[in-house]
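Undergrad: Quick one, fold the following:
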Amino acid sequence: MIGIIVAEEKELLAVKEIMTSIEEINIYEKVFYKGKIENKIVVVVKSNVGKVNSARVCQILIDKFNPKLVINVGTAGSVDNKLEIGDVVVANKLVQYDFDVTPFGRKLGEIENIGQYIELNKELLELFNDLDINIGCIASGDKFIVNKTEKDNIREFFNALCIEMEGASIAQVCYLDKIPFLVIRSITDKLDGSSKVDFETFLESSSNKVVTILKEVLKKYC
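TA: Residues are numbered from 1 along each chain as shown. Take a look at the predicted model:
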C-alpha cells in the first residue's frame, strides 16, 4: 500500500479524480480514502496546512495502514527565477527553514540526530527519469511567504528551489519511522510579489499538474 498526503482540498480532489474503488475510512476525525491508482492500492488523506498537521496525519497513516511508501503531493511557491507556474519540483532533500536552535551551535534548520537536510532515496528519484520535472531542495516552514527578500534569503541559504508548509515535516516522520518517501510539488506562485493572488488562481491547475506526475510515477513503481 502507498500512502499519499495532501494539504489542500483541491489537491485532494485532484488525486481522487484518478482513483478507482474509493472507500472512506474515518480515524481520529480524519477521512482516509482507500482505493487504486494504476492498479496500486493507495490511501490518500488531507492533512490541512502546516507542519504539525502534516506530521500528525503522517504518523496516523503509518500506524494504521503500514505503507511501504509515503508520497506528499501538492503545490509550492517558487524561490528560483527559472521556475514557471505549473512546473513540477521533486525534492532530493528537504529542510525546515524555520527550525532555529542556532544559539546552541547548530546550523539553521539542523535537527538533533537528523541533521540540516533530510535526503531522499536516490533509487526512488530514478522513477522520475524521462519526466518533465525539476529536482532539488524543497524548504518547509509554518509561514506563507509573500516577501521577495525572505524568499531570496531561503534560496541563497539553503539552495532551495521552492517553499511550502508540509514536506519536510512528513519527511522527518518517515525518516524516523524508516519509511521511504517522496515529495512532489507544482509551482503556484513566483518571486514577483503577487504570491497570494497567484496561489489562489493557480491552485487547481497546479494540483492537476502534480497529479499527472504522480500517476506516471505510480505506473513505474513496483
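Undergrad: For the rest of this, base every contact and every neighbour count on C-alpha atoms.
TA: Fine.
Undergrad: And the helices in the protein?
TA: 9-17, 51-65, 122-125, 148-158, 167-177, 195-220 (DSSP state H).
Undergrad: now for the first one, which elements pack on it?
TA: Helices and strands touching helix 9-17, as assessed by 3 or more C-alpha pairs under 8 Å, 6 or more residues apart in numbering; DSSP states H and E, comprise strand 40-46, helix 195-220.
Undergrad: Would you convert these into CSV that also reports distance to Val146 and mean pLDDT?
TA: Compiled in CSV, the helices and strands packed on helix 9-17 are given as follows (distance: least, C-alpha to C-alpha, whole Å; pLDDT from 0 to 100):
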stretch, distance to Val146, mean pLDDT
strand 40-46, 24, 98
helix 195-220, 5, 78
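Undergrad: Go through those and pick out the most buried.
TA: For these, the largest average neighbour count (mean count of other C-alpha atoms under 10 Å) is found in strand 40-46, namely a mean of 22.
Undergrad: Give me the contact list for it.
TA: By C-alpha atoms under 8 Å, 6 or more residues apart in numbering, the residues outside strand 40-46 that reach it are 1-9, 12, 15, 30-36, 57, 218.
Undergrad: Could you rerun that using 6 Å?
TA: Met1, Ile2, Gly3, Ile4, Ile5, Val6, Ala7, Phe32, Tyr33, Lys34, Gly35, Lys36 (C-alpha atoms under 6 Å, 6 or more residues apart in numbering).
Undergrad: wait, doesn't Glu24 sit right on Tyr33?
TA: Yes: with contact defined as C-alpha atoms under 6 Å, Glu24 reaches Tyr33; the gap is 4.8 Å.
Undergrad: Alright, calling it a day.
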